[in-house]
Structure formats: structure tokens, C-alpha cells
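Peer 1: model this:
(chains A, B, C and D)
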There are 4 protein chains.
Amino acid sequence: MNYTDDFPHAAQQLIDAGRFIDSKGWVPATSGNFSARLNDGTIAITVSGRHKGRLQVEDIMRIDSDGNSLDGKTPSAETLLHTQLYQRFPSVHSVLHPHSLNATLVSRVFKTEIVLENYELLKAFAGIKTHESRLVVPVFANDQDIPRLAKQVDAYLNQQSIHAYIIDGHGLYTWGNSVQETLRHLEALDFLFECELKLHGVK
Amino acid sequence: MNYTDDFPHAAQQLIDAGRFIDSKGWVPATSGNFSARLNDGTIAITVSGRHKGRLQVEDIMRIDSDGNSLDGKTPSAETLLHTQLYQRFPSVHSVLHPHSLNATLVSRVFKTEIVLENYELLKAFAGIKTHESRLVVPVFANDQDIPRLAKQVDAYLNQQSIHAYIIDGHGLYTWGNSVQETLRHLEALDFLFECELKLHGVK
Amino acid sequence: MNYTDDFPHAAQQLIDAGRFIDSKGWVPATSGNFSARLNDGTIAITVSGRHKGRLQVEDIMRIDSDGNSLDGKTPSAETLLHTQLYQRFPSVHSVLHPHSLNATLVSRVFKTEIVLENYELLKAFAGIKTHESRLVVPVFANDQDIPRLAKQVDAYLNQQSIHAYIIDGHGLYTWGNSVQETLRHLEALDFLFECELKLHGVK
Amino acid sequence: MNYTDDFPHAAQQLIDAGRFIDSKGWVPATSGNFSARLNDGTIAITVSGRHKGRLQVEDIMRIDSDGNSLDGKTPSAETLLHTQLYQRFPSVHSVLHPHSLNATLVSRVFKTEIVLENYELLKAFAGIKTHESRLVVPVFANDQDIPRLAKQVDAYLNQQSIHAYIIDGHGLYTWGNSVQETLRHLEALDFLFECELKLHGVK
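Peer 2: Numbers count the residues shown, from 1 in each chain, chains lettered A, B, ... in the order given. You can find the predicted model right below:
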């Protein structure tokens, strides 16, 4: 038996998250990938190449904490960007990587980072209690060499605590202690990115 | 028994209002809060921290006219902003506080107030009979100290009659003699905010 | 019996049109009104003050060709703008008046008229066979005195053939030989207004 | 019998594609047309003049590889633009022609071609493996003389391999080895067009 008792529930949460995220237009074509940590430390993650708004249970697979397939399916090429977050942060139980227009535009307009300040919605992030906070979301250069990209992320995380990052011309990574919390971060980030883009005259 | 005969109907109206408001994108993450006055003067209000687009009946609670919980649940931190409106205006039976992009942008672009004039849709507001009217929506500074924020609102209401106000970087408060009328105000305000933002080159 | 044999079908068409139009955001609050001519020359029209996206059969009433109520209900204050089109054009069997953001913005930006040229979608209008056509949509000043507003429209129609007109800060009137054709005109107009607004830097 | 065994499945795919495409607002009024190649080399294609978001099975017809009707129905006036792609590319099994706002705006703003570079989403196109790619989408002048328009396209295809083209003020043509792949190209193109338009200050 390849699947754990909590796999079906985690898979359904990722399927539902995908339907919600697609309804917002944040996973065009077959972009994006999603994962959730299981109780035994292995990870449920989307199979490579599927449309994330129309996932079926067979489109969710199981990998170990190093990213190796446990069921013969092929995970996303970007699996390492998920596992590095689970390895670093014991409290993280979900990672969502959509590909929204706003995240893509932020990477082109704000270049190396976007700073979000003085918004009530910052309180959507775990640990933030007042709008008088400052949330930095860094932008990393895109790279088809995922281990090299992961090293960029690691180097940054060694220096600074963040809730999310953007890959240039590509999309957003955000995480949380549950799929639900991660979706909350995602909704808040897209809203705040859109505010900043409009205030900078982009759209 | 903690609930009045009219509580279930009021709760359902707030649940339906939340689904509608979320379908417009006006309550991202767990932002926003909604309430309706009951026949006995107590108030049905959303519980703190829930997603307002997916409310269940247990996410609506009952408070007295001073904002004290009557059922052991915890209301929104901003409850006082609801109760001050019910105390001041006997005709008000609903208060809706969404968190729309347009309201947030208006607060950043128009700063202290936005003036809406010469729109047919102004007739959506109770008591307005012609487009040749002038509706002022003030913007108040955001404050995590809600009693202090409520005092700002009170001072303004002592001087001028309004249908709605915005809190900077935060969202909109509007009210009416029923949930339905308040939703009508809300739809009209968002439309008019978007008109003004676009005419000022923001989006 | 106040209703004709074809009234239920016409009423259902207006209800469905309203649901579609509201799904586009073109009838915020209780704005807009819709009508269809019946076989005996009387007219099915929306009752005043209802939300046009959630019409029930009792929200559609019947008036004679001069706008007098035939069933004791109260039609829209703008009924005369419908009846004048039915009286002037025997081929017109439906009039739709939504209140879209794009029509409102066009009135503010283009002032007296908008000219649509060199769009393939112009072929959506009855009688237009090539994109190398020129469609003028005039903008009339808003007026709460509907007979006076109707005279503006009449004077213009005496001089020029049009498919639609806008009332400043208010909304759009368009018509056709069926509800379906009128919806086709409406979809095309909103698309073309949005193109022109974006090309003029408004949104 | 006018229909092949695989016709019902192909027709259903085009109906479903139409519903999806219309949900995005890409086929206003009765614009757009869609086709899929059948196993025997004939083609399923939308009948002229129908709303592409509400297709019924009788709105899909069958033509031979030269565009002649095989069932007495009338195909789109632009059928030749479909058949020329099937004749030139044996691997092409679907052609989709929506009429999106973004494609129309691109034709007005970028004039002769739009170049898409350095986007992760370029990998949605068959054969593209890295964001460090360059995708050119040419814009052709609109022409009601479809054979003459097809000649423009042929001349271009003789010189350069492309995944899609735009007709000025009209819409987009894209194709793929299945309806599903073609929809993937379509979603990616619209996203990338919107990025480029916003970065060029259009919306």
C-alpha cells in the first residue's frame, strides 16, 4: 500500500485548492504546483503537467521528504522548491505555487523585491498583529536548473524570515501550517500585489 | 436558549450576503465582518477569523447592543464599529464591512474623502432622488485601537450625515435599514469607486 | 386576464437576460431596465426598483404601447425611453438598458459620442457586413425629466440611424428584433467600449 | 450517414471548449469559431452565427478537408483559415479562433507582431523547454476576403514557424495536436498578452 491514511484528505484539499485557485485565473495552462505534508513526514504533491483547476485524485502523488517518488508517478520538476521548505520549517504543512498575473507583473515592475506596508490585510499572515508592519517578498531570477534556484532561496532564507517569494516571470511560492492558512496567505498576497501594481500605474 | 426567533433568518441573510460579497472578491483571506439587528435590539454578527465567503450558521453569533457576547463566541475585534452605528441610528438594521480593492485604493489615492457626483447610481442610496446630488465618503486613518477609531467616526457623524466611510488601507463600512438595502449601497459604492479610480488613471 | 399567451415566454427571456447581464456586473444595485414587445403590440417590462440579476416572474409587468400599466404594477420611471423606440421602429422587439461601468466611463471620457471603427465585432450589429464600417454611439445629457430626455433622443433619431445610445453617468440603451439580438448588440458594445477605453488609457 | 464514429466526441470537446472560452469573455456576441480534425481527415467545425458559449450538438457540422459542407449546414465564413492549417500541418488536430479583448488590443498596440520572451509560461507551448525562449505572434491586416487573408497567412508560414497569429481588430488563431493542447496554448497566450499590455501601460 503506497498511501497513508491521511493521503485522501490531503489530496482532496489540494484538488479543492486547485479549483479555487483556477477560478481566480492563477494557474493558466498547466502551470503551478501544490503540496501538503502528511503525518508520517512524506508529502502529497501534484503530478507534473496536469491542469491544476481540474485535478483528479490520480493527479496527486506521494513523495518522500527528499522528493523521491513513492508511487511511480512523476512529480513536478520544481519539487525541490517544496521539499526545501518542509525540511527547513517543521511548522510548514503546505506549499502552494500558483502562477498569477499579479505575481508575474510584480517581478517585472518591482525587480528584486516588493515591500507591503500599512495594509490591514497584512494581518492575514501568521504572526502579524497590526497594519503597521512591513512584509518583504523577494523576487529571485528564474532558472531551469532547480537545484541552483533552490540555492538562491536557501541563501536568502538563511538571512531573513519571509512568508513568500516570487520567481521572475514565473510565479509565487507561499506556505503555511495548513492548506487553509496557505490559501489565506495567497489571497492576501494577490490582493496586496494588485493594490501596489495599480498604485504604481501598471494596471 | 441563546437565540431569538428571527436569528436564523438574519444569520442566513448574512451567510448569503457573504457568498455574494466574496464572489465579487471583496473579502479576501478572512477580512471583513457583517451584522444585522434583531427584533429585540440584540445583534447577529460574524464570528472573528472566518472566511466570509464560506460562512456556516455556527459562524454567526449574537451580541447585545453594547457588543457583549451572548453565546460565548468571540465577535470581530471591530464590533464596536457596528454597535456605534446601531446605537446612533434607530433605522439602521444592518452593517456590512467588506474589504474591497477599490475601497483600499480610494483610501490611498483620494486620501481624506471621495466625492461622488452626477451619477445616476447615486439614486441607489436611501433618500437620494436625482443624479444631481453629492455624496461624500470620508476616509479615516486606520487604528488597531478600535475605541479610538470609533471616536474618529463619532466625531465625524456629529458633524455630517453619511452613508458610508472608508478606513485607510483597510476597507469600507456601509449600513442600511435591511441587509438588502445595505448590499444595494455596497454594490453602488464599489461601482462608483471604480469609476472614479479609472477616471483618475489608477486602473 | 391581464397577460397574453406569449407573456410567460417573454418574461422568462427578460429574467434570463437579467441573470446574464448581472453576471457581467452591468446592473449594480437596482439599476437598469429591460423590455420585450408582445405579439399584440403591448410590452413586457421590468417593474421599478428590483435587482435585475434576480428577477422573478412577478417582477415583469405588462404595459400598453403608450406606457400605461395594464396590471396595476408600476413600471420603470424610464418607460418612455422604451416605448418611443417601439413606436418609431416596427422591427424592434426588445430594448435593454444596462448600467455598465464601461458605458458610464465612455460618457465621461468621450463626452458627446464614441465612434467605433475597424473592428470585426462591428459585424455583430444587424446590417453591418464588414469591419470597414463606422458605428456612432451618441451620449445624451442625463435628466430626471424623462419626457425631456426622450425629446433629446427623438431629435437625434430624426437625423441619424443608430443602434444604441448612452446617457451620461447613467448607462446604455440598445435594441433589436429580439431579446437575443439585443443581447448580441450589448455584448459587442461593451467589448468595443472597453477596447476604446483601454486604448485611450482609461483602464 | 453523415457523421463519423468520432464525431460526437469531437463535437462535445468543441462545445466544452466554447463554454470555457466564453467563461473567460473571449467570444462576445457570436464571434469566434472552433474546429477539430476527425480520424478520416474530415473536420468538425462550428456552424456560422451561433453563440460559442452556448453551443448545442447541432451547432457543430462536418466539412471535408477543402472546407465543403458534408451535411448541408453552413460553416463559418473563415473556414479556409482552419483548413489551410490542417493541410499544411499533419500533426494539427484542432484550431481555435477566439476573439479576446487582449488579442484585439495587442493588434492595435503592437501593430505587426508581439514578441514574448523570458516567461516560464512559454513552456506551455509544444516544443518549448525553457523560459529563455522567444515566441513571435504576428498580426495580419483584417480582410473580409478570406482567400486573400489566407494567402497572407500562407506567405508568412512559408518563412517562419509559429504557434498562433492575430488578425487586426479581430481575434486570435491558435492550434495544436488536440483540443486540449490548443486550449493550453490559448490560456497561455491570453495571460502573456495581458502581461505585455499591462507592462506597456495599456490596462
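
Peer 1: residue contacts, residue A:110?
Peer 2: A:139, A:196, A:200 (CB atoms under 8 Å, 6 or more residues apart in numbering or on different chains). (Glycine included, C-beta is placed from N, CA and C.)

Peer 1: Then residue A:52?
Peer 2: Neighbouring residues of residue A:52 by CB under 8 Å, 6+ apart: A:18, A:21, A:22, A:27, A:30, A:31, A:32, A:33, A:34, A:46, A:98.

Peer 1: wait, what's in contact with the nearest residue to the last one once chain neighbours are set aside?
Peer 2: This means residue A:98. Spatial nearest neighbour of residue A:98, chain neighbours left out: residue A:26 (3.9 Å); criterion: CB to CB, 6 or more residues apart in numbering or on different chains. With contacts defined as CB under 8 Å, 6+ apart, the neighbours of residue A:26 are A:32, A:98, A:99, A:100, A:101, A:186, A:190.

Peer 1: again with residue A:156
Peer 2: By CB under 8 Å, 6+ apart, the contact list for residue A:156 reads A:138, A:140, A:162, A:165.

Peer 1: so which strand or helix has it?
Peer 2: Here residue A:156 is covered by helix A:146-159, with elements defined by DSSP states H and E.

Peer 1: moving C-terminal of that helix, what's the next helix or strand?
Peer 2: Moving toward the C-terminus from helix A:146-159, the first helix or strand encountered (DSSP H and E) is strand A:164-167.

Peer 1: What strands line up against that next one, and which way round?
Peer 2: Partner strands and pairing direction for strand A:164-167 (DSSP bridges) are strand A:134-140 (parallel), strand A:171-176 (antiparallel).

Peer 1: what mean pLDDT would you report for the first one?
Peer 2: When the per-residue pLDDT values of strand A:134-140 are averaged, the result is 98.

Peer 1: what's the answer for the last one, then?
Peer 2: In this model, strand A:171-176 has an average pLDDT of 97.

Peer 1: chain center to it, what's the gap?
Peer 2: Using CA atoms, centre = their mean, to the nearest Å, the distance from the centre of strand A:171-176 to the centre of the chain it belongs to is 3 Å.

Peer 1: got the contacts of residue A:110 as TSV, with distance to residue C:134 and neighbour count columns?
Peer 2: Supplementary listing: the contacts of residue A:110 in TSV, determined by distance: CB to CB, whole Å; neighbours: other CB atoms under 10 Å in any protein chain shown:
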residue	distance to residue C:134	neighbour count
A:139	46	22
A:196	41	21
A:200	37	13
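
Peer 1: Longest helix in chain A, please.
Peer 2: The residue-count maximum for a helix in chain A (DSSP state H) belongs to helix A:179-199.

Peer 1: That helix to strand A:171-176, inter-axis angle?
Peer 2: Regarding helix A:179-199 and strand A:171-176, their directions subtend 140 degrees when assessed with axes from the mean of the first three to the mean of the last three CA atoms, to 10 degrees.

Peer 1: touching chain C at all, helix A:179-199?
Peer 2: No: contact between helix A:179-199 and chain C, assessed by CB under 8 Å from any CB of the partner chain, is absent, since the two come no nearer than 10.4 Å.

Peer 1: Please identify the buried residues of that helix?
Peer 2: A:179, A:181-198 (16 or more other CB atoms under 10 Å in any protein chain shown).

Peer 1: Could you do stretch A:155-175 as well?
Peer 2: Judged by neighbour count using 16+ other CB under 10 Å, the buried positions of stretch A:155-175 are A:157, A:162-175.

Peer 1: Around residue A:12, how many other residues sit close by?
Peer 2: Per other CB atoms under 10 Å in any protein chain shown, the neighbour tally for residue A:12 reads 15.

Peer 1: residue ranges with poor pLDDT in chain A?
Peer 2: Counting by pLDDT under 70, chain A contains low-confidence residues at A:1, A:203.

Peer 1: Could you list the contact residues of it toward chain D?
Peer 2: Of all the residues in chain A, those in contact range of chain D (CB under 8 Å from any CB) are A:28-31, A:51, A:99, A:101, A:104-105, A:108-109, A:142, A:144, A:167-171, A:197, A:201-203.
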